[in-house]
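**Q** give me a 3D structure for the following:
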Amino acid sequence: FPTRRSSDLRRTERRSGAALALRDRCACYAELLREGGRARLVNADKIPLPDGLVSHGRLANGAALGAFLRKKLAFRWGKLPFAVGIPSADCLFRLFSLPAADLEEARASMTWCFSDYFPFDFGEALFDLCEVAAPPRGGRLNLVGTACAKAQILPFLESLRAPRARVFAAEPQIVASTRAFASVVAEERFLLAAKREDSLHCAFVCEGNGLVFRSVALPAEEFAWSSQICAEINRTLEYVAENFGGAAPPVYIAKDASAPVALPPGDLRAVAREIDFAGLCPAALAPPADSGWYDVVGLLLRFAHED
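**A** Sure thing, here's the model as predicted:
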């Protein structure tokens, strides 16, 4: 987390950090302001993007996108650290196990077994690992890993940087969204499904940690969304049952007022309910009235533990 700041409310340092999340046609930006020990979301803004920079939930021209946003946001950032949400479809998640004693040994072993789990070489990737509480597999360490191609992501991050801007963290937007929902959902174990533009994102959460993440492209015809979303949620539930056991977790469908999806309850293999994050988010971090800001809130929550 960033270093502690002065509590003098007259100084700009009371802003802990900023968050930037990408859409096909816009970027969403907001800052976390700390006042008297409380945090709130401020300076929320949507920045229209030129055509062709982000397409179908993926970076299409990362270098041009970073340069465009650097110019648009330079006057806002000052010296704020900021967290960036990378399009989820540009990232791959894998659940696997390794014969390692601890996480550091597992990281070191990835130099020679990386391509067993991801479709590119170790030197061509940005990746991270964390240990997960899955059923033991013969003394092997259970891990969830995420990776993205350097050639796809680095031009964006490098072009986004500026002398007055500090990239504090970059993570898949589905991870940020999951962090936001996990902060307001009572269950310790649940499946989150969120539709954004032309993709469906699913995340399985257990004891506050996201363990399984999937991003699936949806058909162009809206009438086909409902059946495919049900099918993909069921596939995720089957994978969770196979790898983690236990009863089927409840399913939360993230509300999206711009593209509501009606799911026939009988088609799902678990209890499903729609969740309106705007109605559950802590008031201090309440996002703008329109839907879909949960990933921005999740990115800002990275800064929320600062004193």
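**Q** what about the strands in the stretch 1-150 of the chain?
**A** Taking DSSP state E, counting those that start in this stretch, the strands of the stretch 1-150 of the chain run over residues 15-22, 26-35, 38-48, 54-55, 58-59, 81-86, 92-98, 125-131, 141-149.
**Q** show me what counts as buried in stretch 40-50.
**A** For stretch 40-50, the neighbour count (16 or more other CB atoms under 10 Å) marks Leu41, Leu49 as buried. In this view, the C-beta of every residue, glycine as well, is placed from N, C-alpha and C.
**Q** ok now that stretch, how far from the chain's centre?
**A** Centroid separation between stretch 40-50 and its chain, computed with CA atoms, centre = their mean, to the nearest Å, is 17 Å.
**Q** hmm, who's touching it?
**A** 15, 22-33, 64-65, 68-69, 72-73, 76, 284-288, 293, 296-297, 300 (CB atoms under 8 Å, 6 or more residues apart in numbering).
**Q** restricted to buried residues, select these in ChimeraX.
**A** Listed next is the ChimeraX selection for buried residues among the contacts of stretch 40-50, using 16+ other CB under 10 Å:
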select :15,22,23,24,27,28,29,30,31,32,33,64,65,68,69,73,285,286,287,293,296,297,300
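**Q** how about the strands of the stretch 1-150 of the chain in a markdown table, adding mean pLDDT and distance to Leu268?
**A** Formatted as a markdown table, these follow (pLDDT from 0 to 100; distance: least, CB to CB, whole Å):
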| stretch | mean pLDDT | distance to Leu268 |
| --- | --- | --- |
| strand 15-22 | 87 | 28 |
| strand 26-35 | 87 | 30 |
| strand 38-48 | 86 | 32 |
| strand 54-55 | 90 | 31 |
| strand 58-59 | 92 | 28 |
| strand 81-86 | 90 | 28 |
| strand 92-98 | 90 | 22 |
| strand 125-131 | 90 | 28 |
| strand 141-149 | 91 | 24 |
